[in-house]
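**Q** Okay, here's the prediction I keep looking at, along with the sequence it came from:
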Amino acid sequence: MFVSNSKRLLESLTVTDRGKAVKKLDLSFDSLHVERELGLTWDIISDTLSVAVNTMARLSTKRGLLATIGAMYDPLGMIAPFLLQGRLILQDLCKLQVGWDDELPEEQEKSCETWKSSVSELYTVVLERCIKPAHYCSTPSYQLHHFADASEKG
């Protein structure tokens, strides 16, 4: 199954070879839309990736906080700084030996509310899917570097 941001390519495919999201489109009239892949949202027209974040309603217990953090799938690390804040709150709760279904202590509850209020900023995190946009000059080679940190506090 194929999905592409090129209508010309999609027109060359049989309907059975197209992905679910573009299978029923009339390519002469309909516009391409958003596709979900690997926990990410792909805007087919702008060719950008973003993270889909579900509601964060269950933050009143350690179990709810862990479930919320675990439900956020971020394979590219686009929202890693945001997730780190939630993990640090969870780490504090473990150090305090708070039970899984106990109410959160006041300080951690405030931290959770602050963390929860910053979720709206995640919708502004957008990554171009193409590593070399068309307007870039030609380059003989490319290198992609990745760095990691193993500290206790991120």
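**A** Ah, there it is.

**Q** Now do the helices in this protein.
**A** 7-12, 20-23, 62-71, 80-95, 106-117 (DSSP state H).

**Q** Cys112 contacts Leu104, correct?
**A** Yes: between Cys112 and Leu104 there is a contact under C-beta atoms under 8 Å: 6.4 Å. No exception for glycine: its C-beta is placed from N, CA and C like everyone else's.

**Q** quick one on the thing from earlier: dump the helices of the chain into TSV; add mean neighbour count as well.
**A** Shown next, in TSV, are the helices of the chain (neighbours: other C-beta atoms under 10 Å):
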stretch	mean neighbour count
helix 7-12	13
helix 20-23	15
helix 62-71	17
helix 80-95	16
helix 106-117	14
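
**Q** Show me the one of the ones you listed that comes nearest Tyr136.
**A** Across the helices of the chain, Tyr136 has its closest neighbour in helix 7-12 (21.7 Å, C-beta to C-beta).

**Q** so how far is that closest one off the chain centroid?
**A** 28 Å (C-alpha atoms, centre = their mean, to the nearest Å).

**Q** returning to that earlier point: any shared contact partners between Cys112 and Leu104?
**A** Common contact partners of Cys112 and Leu104 (C-beta atoms under 8 Å, 6 or more residues apart in numbering): Leu59, Leu65.
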